[in-house]
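S.K.: Structure for this input, please:
(one chain, ligands or ions: 2)
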Amino acid sequence: MPDAPLPDPWPAPRATGPVEATVGLPGSKSLTNRALVLAALADGPSVVRRALRSRDSLLMAAALTGLGSHVDTSADDWTVTPGAFAGDTDVDCGLAGTVMRFVPPVAALSHGTVSFDGDPHMRTRPIGEVLLALRHLGVEVDDDGRGALPFRLHGRGSVRGGRVVLDASQSSQFVSALLLAGVRYDEGVDVRHDGKPIPSLPHIDMTVAMLREQGVEVDDSDAHRWAVAPGPLRALDRTIEPDLSNAGPFLALAAVSGGSVTVRDWPSETTQAGDAWGELLTAMGCAVERTPDGLRVTGPEPGTLQGLDVDLHDVGELTPVVAALCALASTPSHLRGVGHIRHHETDRLAALARELGGLGADVTEHPDGLSFRPAPLHGGLFHTYADHRMAHAGVVVGAAVDDVLVEDVATTAKTFTDFAGAWSALFGR
Ligand SMILES: O=C(O)C1=C[C@@H](OP(=O)(O)O)[C@@H](O)[C@H](O)C1
Ligand SMILES: C=C(OP(=O)(O)O)C(=O)O
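M.R.: Numbers count the residues shown, from 1 in each chain. Ligands and ions are numbered 1, 2, ... in the order given. Model (predicted):
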């Protein structure tokens, strides 16, 4: 089927002075989708409060419903009543890495055949190491040998589990996926990583912390090894924190306009990667403080934002907005350690180099990052590649530069249903 035509490009609102605002953001994608998976595996009904309602989390809810759980998404607090893993069913992964990676190890527990597919680009995102690991743990998987969607799992109602070695250098989600479901495998799961360094490690810490909160025993005392003991998983009653990765464009707006933006309810402790915004924006010359309302960022005088030389390996998903800021900075930047984001919603390094370069940025693409030298930017069309964070990068540049058109701002619905509305409100639109 041909892709649906894109809507008209969106004229990104331009900040004509310092933006002063306080914003409340929807819940974290990573926390919501882990909470839903754990709830479906738990020993009783769960409540996920202030769940994120967006494309990725609704796809997760639909996948778990297809596998036999009852997920009620009608109110702000979602309830999950685990049901028998029934099969046969189809799982639509959309463009959600968390659905494509976290659901197969759960589906392996079902009685029946579970078929997985997703958006066209999803067929190119890596999953092969998870499928090999599942085979090794005793699961029957049919794929075409490419290690990608589409594939089918034939569940037998239980999984032996045990030890497995995989290479998670392409995505931390490979490890998280096996740990989340491993508690329900007969022997639990003992995952070792063998390969180049794993990106996005805070996301594995998030998985381990959430399992432990539900009473699951996890041994992560050795580097590159995680062992989950088999056993019951307590039902959840959890409030989801705001999505701190999605806070990026809002805080960046303070940075580029010389204004002040507060993101409400910033947690005092968190495993979210987006907590790094404080450190990153401080290094760029912003003032960052915690107030009773949340995290407040105040930008420097417009035109004086500092460039960054930083390794973003642990927080790769922040790269698009960081890159937009570097393109606007008054000194050079080098973003390193993020080769893995070529496997995200699009090849983000190539896309950022092309789109920021297209607006005049002096940007160089490297195998594992991007570098920038200061250059005047101009308006133009910023393509989004079905990537929510490319759209975030485009609107940040558009706030500082006249006449930037963002190709498909609606693609932000992956993790933020009315991003364009929330963004426009900051400009009095
Ligand atoms: O587990 C998670 O919730 C995520 C892990 C990270 O993936 P990678 O390890 O593939 O970067 C991150 O970039 C993604 O947005 C969410
Ligand atoms: C990499 C990302 O998403 P996904 O969960 O689809 O991997 C992201 O949100 O930046």
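S.K.: host element of Val103?
M.R.: Assigned by DSSP states H and E, Val103 belongs to helix 97-107.
S.K.: Next to ligand 2, which bits of the stretch 201-350 of the chain? Give me the list.
M.R.: 317, 344-345 (C-beta under 6 Å from any ligand atom). Bear in mind the C-beta positions are built from the backbone N, C-alpha and C, glycine included.
S.K.: Kindly indicate which of the residues you listed lies nearest Gly145.
M.R.: The shortest approach to Gly145 among these belongs to His344, at 23.6 Å (C-beta to C-beta).
S.K.: Could you verify my assumption that that closest one touches Leu318?
M.R.: No: in this structure, His344 is not within contact of Leu318 by C-beta atoms under 8 Å, at 11.5 Å.
S.K.: Counting neighbours, which bits of the helix or strand following the helix holding Val103 end up buried?
M.R.: Of the helices and strands lying after helix 97-107 in sequence (DSSP H and E), the nearest is strand 111-117. For strand 111-117, the neighbour count (16 or more other C-beta atoms under 10 Å) marks 112-117 as buried.
S.K.: Please enumerate the helices of the stretch 301-429 of the chain.
M.R.: Here the stretch 301-429 of the chain has its helices, by DSSP state H, counting those that start in this stretch, at 319-328, 348-358, 388-400, 419-425.
S.K.: would you turn those helices into TSV with mean pLDDT, distance to ligand 1 and mean neighbour count?
M.R.: Output for those, formatted as TSV (pLDDT from 0 to 100; distance: least, C-beta to the nearest ligand atom, whole Å; neighbours: other C-beta atoms under 10 Å):
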stretch	mean pLDDT	distance to ligand 1	mean neighbour count
helix 319-328	99	9	29
helix 348-358	98	10	22
helix 388-400	98	9	28
helix 419-425	98	16	18
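S.K.: will you turn the ones you listed into TSV that also has distance to Pro232?
M.R.: Conversion of the helices of the stretch 301-429 of the chain to TSV gives the following (distance: least, C-beta to C-beta, whole Å):
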stretch	distance to Pro232
helix 319-328	39
helix 348-358	40
helix 388-400	36
helix 419-425	39
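S.K.: For the closest residue in space to Met390 that isn't next to it in sequence, give me phi and psi.
M.R.: Closest residue in space to Met390, ignoring its immediate chain neighbours: Thr384 at 4.6 Å, by C-beta to C-beta, 6 or more residues apart in numbering. With angles defined as degrees, to the nearest 10, Thr384 shows backbone torsions of phi -120, psi -10.
S.K.: How many residues are close by Thr384?
M.R.: 27 (other C-beta atoms under 10 Å).
S.K.: Check Arg146 too.
M.R.: Neighbours of Arg146 under the rule other C-beta under 10 Å: 13.
S.K.: now it: how far from Arg125?
M.R.: For Arg146, the distance to Arg125 equals 11 Å [C-beta to C-beta, to the nearest Å].
S.K.: Please name the residues that touch the nearest residue to Gly182 once chain neighbours are set aside.
M.R.: Of all residues not flanking Gly182 in the chain, Val189 sits nearest, at 2.9 Å (C-beta to C-beta, 6+ apart). Neighbour list for Val189: 137, 161-162, 164, 178-179, 181-183, 227-228 [criterion: C-beta atoms under 8 Å, 6 or more residues apart in numbering].
S.K.: Can you read off the pLDDT for Val189?
M.R.: pLDDT for Val189: 98.
S.K.: i'd like the first residue to be 675 from this point on
M.R.: Noted, 675 is the first residue going forward, which turns the last one into Val863.
S.K.: Bridged to it, which residues?
M.R.: Counting by DSSP bridges, Val863 forms beta bridges with Gly836, Val902.
S.K.: since we're on the residue of the chain found nearest ligand 2, how many residues are nearby?
M.R.: The chain approaches ligand 2 most closely through Gly771 (2.5 Å), counting by C-beta to the nearest ligand atom. Neighbour count for Gly771, taken as other C-beta under 10 Å: 26.
S.K.: distance of it from Ala709?
M.R.: Distance from Gly771 to Ala709, by C-beta to C-beta: 16 Å.
S.K.: swap in Arg912?
M.R.: Per C-beta to C-beta, Arg912 is found 5 Å from Ala709.
S.K.: who has more neighbours, those two?
M.R.: More neighbours surround Ala709 than the other of Arg912 and Ala709, with 28 against 20 (other C-beta under 10 Å).
S.K.: which residues of the protein score low on pLDDT?
M.R.: For the chain, the stretches with pLDDT under 70 are 675-678.
S.K.: Endpoints of stretch 950-961, how far apart?
M.R.: Terminal residues of stretch 950-961 are spaced 14 Å apart (C-alpha to C-alpha, to the nearest Å).
S.K.: should've said stretch 1039-1050
M.R.: Separation of the first and last residues of stretch 1039-1050 by C-alpha to C-alpha is 18 Å.
S.K.: which of the residues in that stretch are buried?
M.R.: Going by neighbour count (16+ other C-beta under 10 Å), the buried part of stretch 1039-1050 is 1042-1046, 1048.
S.K.: do that stretch and ligand 1 meet?
M.R.: No: Stretch 1039-1050 lies out of reach of ligand 1 by C-beta under 6 Å from any ligand atom, never closer than 13.3 Å.
S.K.: buried subset of the residues of the stretch 875-1024 of the chain next to ligand 2?
M.R.: Buried members of those, scored by 16+ other C-beta under 10 Å, are 991, 1018-1019.
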